[in-house]
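> Coordinates for the following, if possible.
(one chain, ligands or ions: 2)
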Amino acid sequence: MGKTIVIKCGGSVLSDLSPSFFTSLQEMYAQGMNIVLVHGGGPEIGQMLKRLNVPSEFVNGLRKTTKEVLEVAEMVLAGKVNKQLVALLRQHGLPAVGVSGVDACLLQAAPIDLAKLGYVGEVVNVNADFVHQLLKSRYIPIISPIGADKDGQKYNINADTAAGAVAKAIKAAQLLFVTDVPGILRNGSIVEQATIDVIERMMNEGIITGGMIPKVKAAIAALSESLHEVMIVSGKTPFYENGQLHGTTIRNEVGVY
Ligand SMILES: Nc1ncnc2c1ncn2[C@@H]1O[C@H](COP(=O)(O)OP(=O)(O)O)[C@@H](O)[C@H]1O
Ligand SMILES: CC(=O)N[C@@H](CCC(=O)OP(=O)(O)O)C(=O)O
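Ligands and ions are numbered 1, 2, ... in the order given. Next up is the predicted model:
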C-alpha cells in the first residue's frame, strides 16, 4: 500500500476551500497515496445552535456539550458537513465515502470530564482495520468527529483531536491540518519549522491562542515512530506543489529525521 496521509479540514475553511485544495488531493491520489479526511465544522454548529436557540459555551477551546448540543453537533457534522464534503470530492472525481466515528466503532470515545464539559469525548480506540479496508479499496474515507462508547452513548470530539488519534492509529506517514491561516504565525510571518519546545514557548507567550491550541496539542500527541512530522497549511492557497507541502512543519526535534 502507498503512503497514507490524514488531512484534517477545519470548519474555518470549509466554505472557502480553493480549487487548489482539490487539485492537491487529485495529485496525491493519482500518485498512489492513501488519503483520509477528518473534518470539523465548529462555525456551522455555532450557527445552527443559534438558529435553534440552544445555548452553548466554550471551555478551554472545547464546546461544552449538553444533550441538546450533542444532537445539533451530530446533525451538522455527520449530516450536513460530511455529505457536503463527500459530494464535493465526488464532483472532483475522487471516490469519497463518508462515515462518522460512530460507524463501525471507528472512534470509541470516553468523556473527558462530564461535570465540566458534558458529552465531550476523548478517543480511547480507533478501528484502524476498518480504515485500512476502505483504503485498500482505494476509497477516501471522510470522517466526522462524533464518537461513541460501548453502551452507545455518543460524544462530541474536537476535530483536531480526532484527526491526531486517527493518524496515530492507522500509522499514517503524514498529518495535515488544513485551516484558514497558512501555518503558525509569529508577528505576521509563517513559522516554517517548529519543535515541541518552540510551540510550548509560543503558547506560554500568548502567540499561539484560541483554535490553534487544540491543533498544536493534537499535532504533538500524534508524533510517533511512524509519524515524524505534522503540518499546518492553508486551505485557501495551494499547499501542495511539485510534491512539496507549504506551511508550518512540527517535529519532535528539528533536523532529527
Ligand atoms: N500563532 C497563531 N498563528 C496562526 N493562527 C493562530 C495563532 N494563534 C491563534 N490562531 C488562530 O487559530 C485559528 C485557526 O483555528 P480554528 O479557528 O479553530 O480553525 P479550524 O476550524 O481550521 O480548526 C486562526 O484563524 C487564528 O485565528
Ligand atoms: C468538543 C468540540 O469542541 N467539538 C467541536 C467539533 C467540531 C470541530 O472541532 O470543528 P473545527 O475543527 O472547525 O473547530 C465543536 O463542537 O465545535
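> use CA for all of it now, contacts and neighbours both
Will do.
> what about the closest residue to Ala173 other than its chain neighbours, is that helix, strand or coil?
Once its chain neighbours are removed from consideration, Ala173 has its nearest residue in Leu227; the separation is 5.1 Å (CA to CA, 6 or more residues apart in numbering). At Leu227 the chain is in coil, as set by DSSP: H, G, I helix; E, B strand; the rest coil.
> what sits against Leu227?
Taking CA atoms under 8 Å, 6 or more residues apart in numbering, we find Leu227 in contact with 167-168, 171-175.
> Over to Tyr240?
Contacts here follow CA under 8 Å, 6+ apart; on that basis Tyr240 touches 24, 246.
> Could you give the bridge partners of it?
Beta bridges link Tyr240 to Leu245, judged by DSSP bridges.
> Also the one 10 residues further on?
The residues listed as beta-bridge partners of Ile250 by DSSP bridges are Ala194, Val230.
> Pipe the contacts of Leu227 into TSV and attach distance to ligand 2 per row.
Below are these laid out as TSV (distance: CA to the nearest ligand atom, whole Å):
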residue	distance to ligand 2
Ala167	15
Lys168	18
Lys171	21
Ala172	20
Ala173	21
Gln174	18
Leu175	14
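> ok, and the most crowded of those?
When neighbours are taken as other CA atoms under 10 Å, the top entry among the contacts of Leu227 is Ala167 (30 neighbours).
> In a strand, that one, correct?
No. Checked against three-state DSSP, Ala167 lies outside a strand; its state is helix.
> Quick check, it in contact with Leu223.
No. The pair Ala167 and Leu223 fails to qualify as a contact (CA atoms under 8 Å) at a distance of 9.1 Å.
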